[in-house]
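> this one's sequence-less:
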């Protein structure tokens, strides 16, 4: 029988991208989200279901009908929306995750995968962030991410659920959520390609950790499919690249030499970006499941520019 992976937040960028490599493993993906349709193409054979993870009864029906072997839990409100409506953020990001973890346990799901975020950190941080760095997130979104990490580890240690989590840096993708502060890198490429100009609102030396969409999907698949006996922990950091915004502008300019790339710093946005981690220590990910980043700044810029020219970002 073909294994089923339930992917919540299934209309989103990374969820859609993830379906392609999973399909190559012979996995049937059931994508769940509240919106009408996914934002990006999905692999053949996927099923898209509209539903709300905050409605426990509907989730119980979903688990009973589809009998998922694995849950991949993307569904969440992002940073700005979480600050604008803290109650909704807690209901979806925290209580929704608790509901799914309970259902995963009750229905004997084999694995529960949770993509966390660099937003789970905050405060004054060292330049290199270890897996066990103390977490004091500054925003509601990060608070809920850290909360679900702790919940998942509790379910793993106390109840034996195979919980796996990946703290993901800023993802660079043509399907990035353009309303999020973290989308400035993706927007820099996209607006330059479309309009021949982009204004950076961060500082030239702003340097948060980034990862290209092809790398992050590869990392997720690697951790999802890694043998449980090789994993020495439940939550992993990964490192890909950490260019300054000025270095990013130079890399973009190589592919759009006539573009106007300027800096007009918005201190509120810049302070938020500068509060995020610059570099992660991913020793454990390299040790346990052989993680390696493929895309440095030059490779990412070249591939993203080509992607924007052809319109094809599908993870093949």
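Yes, it's here. These numbers were taken from a predicted model, which means no experiment stands behind them.
> So what's the model's average confidence on the longest helix along the chain?
Determined from DSSP state H, the single longest helix within the chain is helix 140-159. Here helix 140-159 scores 97 as its mean pLDDT.
> what packs against it?
helix 79-84, helix 86-89, helix 96-106, strand 111-117, strand 162-168, strand 235-237 (3 or more CB pairs under 8 Å, 6 or more residues apart in numbering; DSSP states H and E). (C-beta placed from N, C-alpha, C; glycine too.)
> Mind listing what's buried along the longest one?
Applying a neighbour-count criterion of 16 or more other CB atoms under 10 Å, the buried positions in helix 96-106 are 96, 97, 99, 100, 101, 102, 103, 104.
> Would you check the distance separating that helix from the middle of the chain?
Centroid separation for helix 96-106 versus its chain: 20 Å, with CA atoms, centre = their mean, to the nearest Å.
> Next, the angle helix 140-159 makes with that helix.
If you take axes from the mean of the first three to the mean of the last three CA atoms, to 10 degrees, helix 96-106 sits at 20 degrees to helix 140-159.
> tilt between helix 96-106 and strand 162-168?
Taking the same axes, to 10 degrees, helix 96-106 and strand 162-168 form an angle of 150 degrees between their directions.
> Serialize the helices and strands packed on helix 140-159 to a markdown table and add fields for mean pLDDT.
Below are the helices and strands packed on helix 140-159 laid out as a markdown table (pLDDT from 0 to 100):
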| stretch | mean pLDDT |
| --- | --- |
| helix 79-84 | 88 |
| helix 86-89 | 97 |
| helix 96-106 | 98 |
| strand 111-117 | 97 |
| strand 162-168 | 97 |
| strand 235-237 | 98 |
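> Tell me which of these sits most buried.
Most buried of the helices and strands packed on helix 140-159 by mean neighbour count (mean count of other CB atoms under 10 Å) is strand 235-237; its value is a mean of 25.
> strand partners of that strand, parallel vs antiparallel please.
Here strand 235-237 is paired, per DSSP bridges, with strand 162-168 (parallel).
> The partner strand: how far from the chain's middle?
With CA atoms, centre = their mean, you get 11 Å for strand 162-168.
> Show residues contacting it.
For strand 162-168, the external contacting residues (CB atoms under 8 Å, 6 or more residues apart in numbering) are 101, 110-118, 120, 148-149, 152-153, 155-156, 211, 216, 219-220, 223-224, 226, 228, 231, 234-238, 280.
> So what angle separates the directions of it and strand 111-117?
Between strand 162-168 and strand 111-117, the angle comes out at 20 degrees (the same axes, to 10 degrees).
> Next secondary structure after strand 162-168?
Scanning forward in sequence from strand 162-168, with DSSP states H and E defining helices and strands, the next element found is strand 170-172.
> Contacts for the helix or strand following that next one, please.
Using DSSP H and E, the helix or strand that follows strand 170-172 towards the C-terminus is helix 184-195. Residues outside helix 184-195 that contact it (CB under 8 Å, 6+ apart): 170-174, 176, 178, 197-198, 200-202, 210, 248-249, 252, 256, 259, 261, 269, 273, 301, 304-305, 308-309.
> before we move on, back to that, can you lay out the helices and strands packed on helix 140-159 as JSON lines showing distance to residue 44?
Converted to JSON lines, the helices and strands packed on helix 140-159 look like this (distance: least, CB to CB, whole Å):
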{"stretch": "helix 79-84", "distance to residue 44": "32"}
{"stretch": "helix 86-89", "distance to residue 44": "34"}
{"stretch": "helix 96-106", "distance to residue 44": "26"}
{"stretch": "strand 111-117", "distance to residue 44": "22"}
{"stretch": "strand 162-168", "distance to residue 44": "26"}
{"stretch": "strand 235-237", "distance to residue 44": "30"}
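> To residue 40, which of those lies closest?
With CB to CB as the criterion, residue 40 lies closest to strand 111-117 of those, at 16.0 Å.
> hmm, who's touching the closest one?
For strand 111-117, the external contacting residues (CB under 8 Å, 6+ apart) are 14, 69-74, 97, 100-101, 104, 141-142, 145-146, 148-149, 152, 155, 161-168, 220, 223-224, 235.
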